[in-house]
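Trainee: Fold the following for me, if possible:
(2 chains)
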Amino acid sequence: MKKPAKGLIGGYATETLDDEERRLLFEAACEDQEVFDALVDEEPLRELLRDTAARRELLAALEQQTLADRLQAWFRQPATLGHLAAVAGVVLAAVIGWQIVAPPIPGPREAARSSDLREALFALRPNVTLPATLEGDPPRFRFTVGRDARVVVVERRPDGAFDQIFPSPGASSAVAPGTSTEATATLVPGAHRVRLIVFPPDVEPLSLDSSSLFAVEARLTVIERTYRVGPGGQIQ
Amino acid sequence: MLLLYIQRQMSDPPDTPSREAVLTALRSRMLAFARSRVRPEVAEDLVQDALLLIATKYASAQTLDELVPLAVQILHFKMSALWRKERRRGESTAIAIEDAGLHDPAPDPEALAVSAQLLEHLAAAFRRLRGRCRDVFQLKLEGRSFREIAEFLGADSVNTVYSWDLRCRKKLRRDLGPFWELYR
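Mentor: You can find the predicted model right below:
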């Protein structure tokens, strides 16, 4: 099988090939038995993915983080590093007889809860996915709601860590209709995903845990925007 | 024939191959595929039925872009129907056009069950995916083209994404193991 056609087969089932790629693949399928056989073998998958509900279910499965990812993200959180450093410091003090005072760190239960919520917000199915057309340094997301609502904006950074970028800590999630509100994301190089979730005014998102979040999922609007930051800090 | 046509197109302005040229090329491919999976005499009948269906019911399909996926789809339907029929009733003869399921948009209960099972296995395998493979599959399912994925993930070129996708699909199939073979 010719290499270019081999690489294109993966876009057949998802129907994401552009016109030129489709032409190349189909010409190859007419000439090369291996390519044709591969297309027939992909057909069950293509049929399955034509069903929007099945596609959504698979997307939801991909959104769920594995235990290894969660541990990796947890280790990368500054609070975790602070905690580990403090523990290491205490151990060192015990060994060599020094006394140190560990810096104050957030309670583990509180940190775990907010982290769970941010993660759960990324497991919701987006109603709208917008193309990456961002400007600004750092990138800013402006939004306006049509009626009283509560809004949370969360970011999944390139390292897999989750961050809440609106409301800021201690601020309210309530947004008045017609008010232009802004959330600022980070400029770390790599692929970013930002989600704006609009809640009804009677639901306080910051007090939800992941199970109660899914109970109100049908009442939410989830908008996703993706963007990429290049090595020089430019938004692509 | 198609190869000659394509070679000529490399120097001429782009044009589309004729329906007949595409169907001639596809007939050979369909026959070779069917022969690799079922007995030769059954393969002949099956491909003949598929081509008859394309000629009568899908006479409006004219271009390469329409004919290749149509041939792939009909051949797959017919092969699946044949296997199901053989399993159910022990029959091994060619199947009737009506059995292909193309007339009724609603799939039969067995096909629905197979789809549900495939979805379940795929979802489980997707949950186990990590890193780049997860990103590539996710972006594809969101409907992004390879070019868009290359931009989003910062790949040097679209060819890099083709390679990533190929590796990730192999990995997924390995992970699905015998389950994938059930749906082929």
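
Trainee: Not counting sequence-adjacent ones, nearest residue to the closest residue to chain B within chain A?
Mentor: Taking C-beta to the nearest C-beta as the measure, the point where chain A comes nearest chain B is residue A:7, at 2.7 Å. Every residue, glycine included, has its C-beta placed from N, CA and C. Among residues not flanking residue A:7 along the chain, residue B:162 sits closest, at 2.7 Å (C-beta to C-beta, 6 or more residues apart in numbering or on different chains).

Trainee: Now do the contacts for that neighbour.
Mentor: Residues in contact with residue B:162 (C-beta atoms under 8 Å, 6 or more residues apart in numbering or on different chains) are A:4, A:6-8, A:10, B:146.

Trainee: Can you say which of those residues are buried?
Mentor: Applying 16 or more other C-beta atoms under 10 Å in any protein chain shown to the contacts of residue B:162, the neighbour count classes A:6-8, A:10, B:146 as buried.

Trainee: Now the two most distant members of these.
Mentor: The largest separation in the buried ones among the contacts of residue B:162, counting by C-beta to C-beta, is between A:6 and B:146 at 13.0 Å.

Trainee: just to revisit the earlier point, rounded mean pLDDT for the helix or strand encompassing the residue nearest to residue A:7, please.
Mentor: In the assignment (DSSP states H and E), residue B:162 maps to helix B:158-176. For helix B:158-176, mean pLDDT rounds to 90.

Trainee: same deal with stretch B:76-83?
Mentor: 86.

Trainee: Mind exporting the C-alpha coordinates of it to PDB?
Mentor: Extracted C-alpha coordinates of stretch B:76-83, given in PDB (Å, rounded to 0.1, in the frame of the first residue of the first chain):
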ATOM      1  CA  HIS B  76     -19.800  -4.400   3.200                       C
ATOM      2  CA  PHE B  77     -23.600  -4.600   3.600                       C
ATOM      3  CA  LYS B  78     -23.800  -7.600   1.300                       C
ATOM      4  CA  MET B  79     -20.900  -9.400   3.000                       C
ATOM      5  CA  SER B  80     -22.400  -8.800   6.500                       C
ATOM      6  CA  ALA B  81     -25.800  -9.900   5.400                       C
ATOM      7  CA  LEU B  82     -24.300 -13.000   3.800                       C
ATOM      8  CA  TRP B  83     -22.400 -13.900   7.000                       C
END
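
Trainee: near chain A, anything from that stretch?
Mentor: Yes - applying C-beta under 8 Å from any C-beta of the partner chain, one finds stretch B:76-83 touching chain A at B:76, B:79.

Trainee: quick one: buried residues of that stretch?
Mentor: Buried-residue list, stretch B:76-83, by 16+ other C-beta under 10 Å: B:76-82.

Trainee: end to end, how far does stretch A:215-232 reach?
Mentor: With C-alpha to C-alpha, to the nearest Å as the measure, the ends of stretch A:215-232 fall 42 Å from one another.

Trainee: how about it: buried residues?
Mentor: A:220-229.

Trainee: farthest-separated two in the residues you listed?
Mentor: Farthest pair in these, by C-beta to C-beta: A:220 and A:229, 27.5 Å.

Trainee: Give me the nearest residue to residue B:135, chain neighbours excluded.
Mentor: residue B:153 (6.1 Å).
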